[in-house]
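S.K.: Compute the structure for the input listed below.
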Amino acid sequence: MAGFGRHGIRSALAALAVSAALTAGSGVPAVAAPGPGAPKAASEHYVSLGDSYTSGPLIPAQVHWPCLRSNRNYPSLAHQELGFGSFTDVSCGGAKTDDMWSPQPGKDNPAQLDAVGKDTTLVSLGIGGNDIGFDEIIGNCIRLAAGSKPGDKPCEDFYTEGGTDRLAERIAATAPKVAAVLAGIRERAARHARVLVVGFPALATEDGRNCRLSLGMANDDVPYLVATEKRLNAMLRQQAESAGARYVDTYGATTGHDACQAPRDRWIEGLIPLRPALAFHPNDRGEQAMAGAFVEELARPRH
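M.R.: Residues are numbered from 1 along each chain as shown. Model (predicted):
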């Protein structure tokens, strides 16, 4: 997803300076070892497409600053674990489905689908959050929380005013865009290429308890936001299955390690990151958990 505006970038950069000396502590998820159904990685030509949840913004080391791309994001960790024959990561912060076909302005990143060719045998895609307006949603929920009282749900009320859930409508409108990207991958990749659609990890505690301090939002708005993220993931799963692709469940892999948890248990950062990461994005431990889910899905036997 996109960066959380100027405030979020400043906060994340400050956290990067404070946290640079931190090392991964106990409880860091390990990338799953390939099982008997795993591919022969040396023969795989892997291309990673996606937004900032894929690129790993501000996680050391950043190897492409315009896109806030890390060499410790989940595609890179999977490559380091399995050793693919070739690996190309063109994920980029702020990417939408439209950016699969055209360069992102100011990002020094070509159209992401340009990286997929007839020798590509494995593709991962993490997209959709920016299409539904992730930055806007987070910003509005924080803004509307000012002055709210326990029991208030100002953000949910805002997005469901008049009895219509505008975020549900945005997700429905994004579905055909994701389907078009998957069709574009199929047109460009090797005939028998495997395509994995990677869902979004758990951002917050489902009941919203203890989230206001870390997220800057009303606790009672959080269940609505969690339900929206689940709806987005369900759409991505459905589009993956309809296109003959696989779905990677990173939500389940990160449950209990969301941004509302104690710092030692947190794999997703909140408004003010405590480990090197962009606000409201996975930190290094979150990307490692996502890599584990990705490798585990790769290891499943082909159908």
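
S.K.: Pull the contacting residues for Asp221.
M.R.: 141, 144-145, 153-156, 208 (C-beta atoms under 8 Å, 6 or more residues apart in numbering). C-beta: built from backbone N, CA, C; applies to glycine.

S.K.: What separation is there between it and Phe84?
M.R.: Distance, Asp221 to Phe84, using C-beta to C-beta, to the nearest Å: 41 Å.

S.K.: related to what we said a few turns ago, any idea which of the contacts of Asp221 the model trusts least?
M.R.: Checking pLDDT across these, the minimum falls on Gly208 at 93.

S.K.: That residue in helix, strand or coil?
M.R.: Following DSSP: H, G, I helix; E, B strand; the rest coil, the label given to Gly208 is coil.

S.K.: burial count for the nearest residue to it once chain neighbours are set aside?
M.R.: Nearest non-adjacent residue to Gly208, counting by C-beta to C-beta, 6 or more residues apart in numbering: Val222, 3.1 Å away. Neighbourhood size, Val222 [other C-beta atoms under 10 Å]: 27.

S.K.: which residues touch Val222?
M.R.: 204-208, 211, 215, 260.

S.K.: And those residues, which is closest to Gln238?
M.R.: Set against Gln238, the nearest of the contacts of Val222 by C-beta to C-beta is Glu206 (21.2 Å).

S.K.: For that closest one, what are phi and psi?
M.R.: The phi/psi pair for Glu206 (degrees, to the nearest 10) reads phi -60, psi -30.

S.K.: Quick one: residues contacting it.
M.R.: Contacts of Glu206 by C-beta under 8 Å, 6+ apart are 222-223, 226.

S.K.: Check which helix or strand the residue positioned nearest the centre of the chain maps to.
M.R.: By C-alpha atoms, centre = their mean, the chain has its centre lying nearest to Tyr53, at 2.9 Å. Using DSSP states H and E, Tyr53 sits in helix 52-55.

S.K.: now Val123
M.R.: Going by DSSP H and E, Val123 is in strand 122-126.

S.K.: Direction included, what does that strand pair up with?
M.R.: strand 45-50 (parallel), strand 194-198 (parallel) (DSSP bridges).

S.K.: Show the average pLDDT along that strand.
M.R.: The pLDDT scores in strand 122-126 average 98.

S.K.: And for that strand, what's in contact with it?
M.R.: Contacts for strand 122-126 (C-beta under 8 Å, 6+ apart): 39, 44-51, 53-54, 75, 84, 91, 116, 181-182, 185, 189, 193-200, 245, 248, 294, 298.

S.K.: Which residues are in contact with the nearest residue to Cys92 once chain neighbours are set aside?
M.R.: When the adjacent residues along the chain are set aside, Cys92 lies closest to Cys67, with 3.6 Å between them (C-beta to C-beta, 6+ apart). Cys67 makes contact with 55, 91-93, 104, 107-109, according to C-beta under 8 Å, 6+ apart.

S.K.: I'd like the distance between Cys67 and Asp152.
M.R.: 38 Å.

S.K.: Can you report how many residues neighbour the nearest residue to Asp108 once chain neighbours are set aside?
M.R.: Nearest non-adjacent residue to Asp108, counting by C-beta to C-beta, 6+ apart: Pro66, 4.6 Å away. Applying other C-beta under 10 Å, we find 13 residues neighbouring Pro66.

S.K.: okay but Pro66 is in contact with Pro105, surely?
M.R.: No. Contact criterion C-beta atoms under 8 Å: Pro66 and Pro105 do not qualify, at 10.3 Å.
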